[in-house]
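Visitor: After the sequence you'll find the predicted model.
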Amino acid sequence: MIRTAIVTGASRGIGRAIAERLVAEGWRIRNFDREPPGDRRDSGDEWIEVDLADPAALDEALGRVLAEGPVLGVVNNAGIVGRQSIDEFTPEVFDEVLAVNTRGAAQIVRAVAPGMRAARFGRIVNISSRASLGKHDRTSYAAAKAGLIAMSRVWTLELAGDGITCNAIGPGPIGTELWRAANPADDPRTTAIVESVPAGRMGEPEDIANAVAFFMDERSSFVTGQTLYVCGGITVARGGA
């Protein structure tokens, strides 16, 4: 049986790796992203152009996908950083970051939950961040990513009885365009982060995709409400620093 999953922000970086891995695992993927995949190659998933910060546009995209049948998997991966210190904080940036990272995730889950309940099966994975534990210049981003962890726990309580699991993944430093843009190489704090990873390397998008594949597996039905930090041990080495 081929099941359909939505992966947000799957045109590049971590999301691209997740989509490709889930296609290999037998899922039919709908990629919700503002931009098309950069390589434009046929990797077995379908790009749905949508701005997650626009509730009406997101509802329209969800309606089109759900008209084809139920969506039994969701990976809420899309995110923007909105790097600001508290002295630079603006409500506009905060609202935009929360809209893309957190509100859009809830809107998607609300739409697909009825189909999951009817099928007595569902897999939801929220891509949070180690930054939810605390990081310089991340008031908006940390709030949004911590919100995904909190919502994972709430949705576990509300959905587990219907055969639906909901878990979160907190990536550490992963070598993507987004990470490099938000962590300038000439910033001493960036160097300190990279050098403090016990595994001795930056993570790769495939490291996150591997964890997602575990949570999405049919055999992972007794694993729900959990947060897995895929971080090379940096959450141990640095804690919330």
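Guide: Cool, got the structure.
Visitor: Quick check: N31 is in a strand.
Guide: Yes: when DSSP: H, G, I helix; E, B strand; the rest coil is applied, N31 is found to be in a strand.
Visitor: Which residues does it form beta bridges with?
Guide: With DSSP bridges as the criterion, N31 is bridged to V7, W47.
Visitor: Show me what counts as buried in stretch 155-173.
Guide: 155-156, 159-160, 164-173 (16 or more other C-beta atoms under 10 Å). From N, CA and C alone the C-beta is placed, and that goes for glycine too.
Visitor: next one: stretch 130-146
Guide: Residues of stretch 130-146 classed as buried under the neighbour-count rule (16+ other C-beta under 10 Å) are 130-133, 135, 137-146.
Visitor: min pLDDT across those, which one?
Guide: Taking pLDDT as the measure, the buried residues of stretch 130-146 have their low point at K135 (85).
Visitor: Tell me who's in contact with that residue.
Guide: Residues in contact with K135, defined by C-beta atoms under 8 Å, 6 or more residues apart in numbering, are Y141, A142.
Visitor: Quickly note the distance from it to F222.
Guide: Between K135 and F222 the distance, using C-beta to C-beta, to the nearest Å, works out to 32 Å.
Visitor: now the helices: where do they sit in the chain?
Guide: Along the chain, the segments classed as helices by DSSP state H run 13-24, 55-66, 91-98, 104-119, 139-159, 177-182, 188-195, 205-216, 234-238.
Visitor: And the residue lying closest to L98 once chain neighbours are set aside, how close does it get to T102?
Guide: Spatial nearest neighbour of L98, chain neighbours left out: A144 (5.1 Å); criterion: C-beta to C-beta, 6 or more residues apart in numbering. In this structure, A144 and T102 are separated by 5 Å, where distance is defined by C-beta to C-beta.
Visitor: Same question for V223.
Guide: Look at V223 and T102: by C-beta to C-beta, they are 23 Å apart.
Visitor: Comparing these two, which residue is more hemmed in?
Guide: T102 (22 against 13; other C-beta atoms under 10 Å).
Visitor: Out of the buried residues of stretch 155-173, the closest to E206 would be?
Guide: Sorting the buried residues of stretch 155-173 by distance to E206 puts P171 at the head of the list, at 11.7 Å, by C-beta to C-beta.
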